[in-house]
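Engineer: Structure for this input, please:
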Amino acid sequence: MKFSKFGQKFTQPTGISQLMDDLGDALKSDQPVNMLGGGNPARIEAVNELFLETYQALGNDGSFSEDINSTATSSMANYSNPQGDAAFIDALVGFFNRHYDWNLTSENIALTNGSQNAFFYLFNLFGGAFTDEQSESVDKSILLPLTPEYIGYSDVHVEGQHFTAVLPHIDEVTHDGEEGFFKYRVDFDALENLPALKEGRIGAICCSRPTNPTGNVLTDEEMAHLAEIAKRYDVPLIIDNAYGMPFPNIIYSDVTLNWDDNTILCFSLSKIGLPGVRTGIIVAAPEVIAAVSAMNAVVNLSPTRFGASIATPLVENNAIKDLSDNDIKPFYQQQAKTAVTLLKKELGDYPLVIHKPEGAIFLWLWFKDLPISTSELYETLKEKGTLIVPSEYFFPGVDISDYKHAHECIRMSIAADKDTLTKGIAVIGEVVRELYDGAK
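Structural biologist: Numbering: from 1, shown residues only. This next block holds a predicted model:
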């Protein structure tokens, strides 16, 4: 059986497919696995209780079989239009206008089946083959102003990979008064001198905030500079808020969230604790929303309504924001502190440097001069029942063959319970100590 080029692209091994396969295999394994590799959110009691109450109220709102107008029956038994569940969109319009005064209408919001689905749409809308004013074909890329970046971006283009990326400045910093931390910053000199940008070969600029995998949070000044560059070159600025404000708000630095008609904001219900309902949210100019809706119609008919039905009352009464501010953010902030303490205990005398924890649900660990690549380290740790993600997958648009740093880092989830964190970090410590000691 022969596949088309499209089929061949999406059936070849990728970083995201390996990650999801390993996570699935670990869940099926009869041996204990320290799950420090995936992006699944933690199970937080307050979060689970609120969602259970909301779900039960949804089920009690009339009868699935008798009242076709009940919320539960409507969400399960009827398609929405391709833009997404109208009640949820209206609730989001009210929420964003209430908290940010953006003057949105329902024409500014579309729903997708998860944010991965959203980026498949957006990167193919703005990256790939274009026809210029002279009717000539131009291949445009998505510009990632700061790598490393999210593993799931790398393979979403229908044909080829269309990324241009900029390597970061790396600054040594302190955290909570301690040494042994670093922070990535945008290299704006390199960014502004990119030939692809000057030559009109960039279709959009995209960043995640907080950044997956590193937990880095771009400052307000960096975001304003990126927004200015995007407007200057007449391309949209796409911001991935999967871990950011206002929900789940896993972000510890004092920053603001802005939107205008040249900005595309992407949100998700996954990291507030609902990854299985696959609900993504796009806030953008009406022409972008119309394009996404048209793509929804072809690819999905319409987005799933279940997550929208659960989240609508929580958005209307601000419970989703209260939950994020008072339960989700403090939980992960404490998890980060616990993980840092454990790592310092295991590897405090070794060349480990940790990216300053500023948000998201990961720590980014840099093992300077590691004797092997972190892809090899990943395989060794997997054999010992501990899953992490090696850094090599997080540099789309960059030739990392001669970039040593890209082979010396790992992404480690902090969403696991304390026992799993402790056991997993102990395994990491044991293996890494042996590697360094053996190289002496």
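
Engineer: quick one: average pLDDT of stretch 103-116?
Structural biologist: Stretch 103-116 carries an average pLDDT of 96.

Engineer: what helices or strands is the strand or helix carrying residue 125 leaning on?
Structural biologist: Assigned by DSSP states H and E, residue 125 belongs to helix 115-126. Helices and strands touching helix 115-126, by 3 or more Cβ pairs under 8 Å, 6 or more residues apart in numbering; DSSP states H and E, are strand 137-144, strand 202-208, strand 237-240, strand 263-268, strand 280-283, helix 286-299. Heads up, the C-betas are built off the backbone N, CA and C, glycines and all.

Engineer: Just send those back as JSON lines, with mean pLDDT and mean neighbour count too.
Structural biologist: As requested, these are arranged in JSON lines below (pLDDT from 0 to 100; neighbours: other Cβ atoms under 10 Å):
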{"stretch": "strand 137-144", "mean pLDDT": "92", "mean neighbour count": "20"}
{"stretch": "strand 202-208", "mean pLDDT": "97", "mean neighbour count": "24"}
{"stretch": "strand 237-240", "mean pLDDT": "98", "mean neighbour count": "25"}
{"stretch": "strand 263-268", "mean pLDDT": "98", "mean neighbour count": "24"}
{"stretch": "strand 280-283", "mean pLDDT": "98", "mean neighbour count": "25"}
{"stretch": "helix 286-299", "mean pLDDT": "96", "mean neighbour count": "17"}
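
Engineer: Would you mind giving the ones you listed as JSON lines with distance to residue 173 added?
Structural biologist: As requested, these are arranged in JSON lines below (distance: least, Cβ to Cβ, whole Å):
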{"stretch": "strand 137-144", "distance to residue 173": "22"}
{"stretch": "strand 202-208", "distance to residue 173": "20"}
{"stretch": "strand 237-240", "distance to residue 173": "23"}
{"stretch": "strand 263-268", "distance to residue 173": "28"}
{"stretch": "strand 280-283", "distance to residue 173": "32"}
{"stretch": "helix 286-299", "distance to residue 173": "36"}
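
Engineer: contacting residues around residue 419?
Structural biologist: By Cβ atoms under 8 Å, 6 or more residues apart in numbering, the contact set of residue 419 is empty.

Engineer: Could you say which helix or strand holds it?
Structural biologist: According to DSSP H and E, residue 419 maps onto helix 418-438.

Engineer: that older thread, going on from the helix holding residue 125, what's the next piece of helix or strand?
Structural biologist: Criterion used, DSSP H and E; the element after helix 115-126 is strand 128-131.

Engineer: That following strand - what's its average pLDDT?
Structural biologist: Rounded mean pLDDT across strand 128-131 is 84.

Engineer: So for that strand, what gets flagged as buried?
Structural biologist: By 16 or more other Cβ atoms under 10 Å, the buried positions in strand 128-131 come out as residue 128.

Engineer: Pull the residues that contact it.
Structural biologist: Under the contact criterion Cβ under 8 Å, 6+ apart, strand 128-131 has outside partners 137-140, 157-160, 162, 203.

Engineer: could you dump it to PDB, C-alpha only?
Structural biologist: In PDB, the C-alpha atoms belonging to strand 128-131 read as follows (Å, rounded to 0.1, in the frame of the first residue of the first chain):
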ATOM      1  CA  GLY A 128       3.800  27.600   3.100                       C
ATOM      2  CA  ALA A 129       3.300  28.600  -0.500                       C
ATOM      3  CA  PHE A 130       1.900  32.100  -1.200                       C
ATOM      4  CA  THR A 131       1.300  34.000  -4.400                       C
END
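
Engineer: ok, that strand: who's next to it in the sheet?
Structural biologist: With DSSP bridges as the test, strand 128-131 is paired with strand 137-144 (antiparallel).

Engineer: For the helix or strand that the partner strand is followed by, which helices and strands make contact with it?
Structural biologist: Downstream of strand 137-144, the next assigned helix or strand under DSSP H and E is strand 163-165. If you count contacts as 3+ Cβ pairs under 8 Å, 6+ apart, strand 163-165 packs onto strand 137-144.
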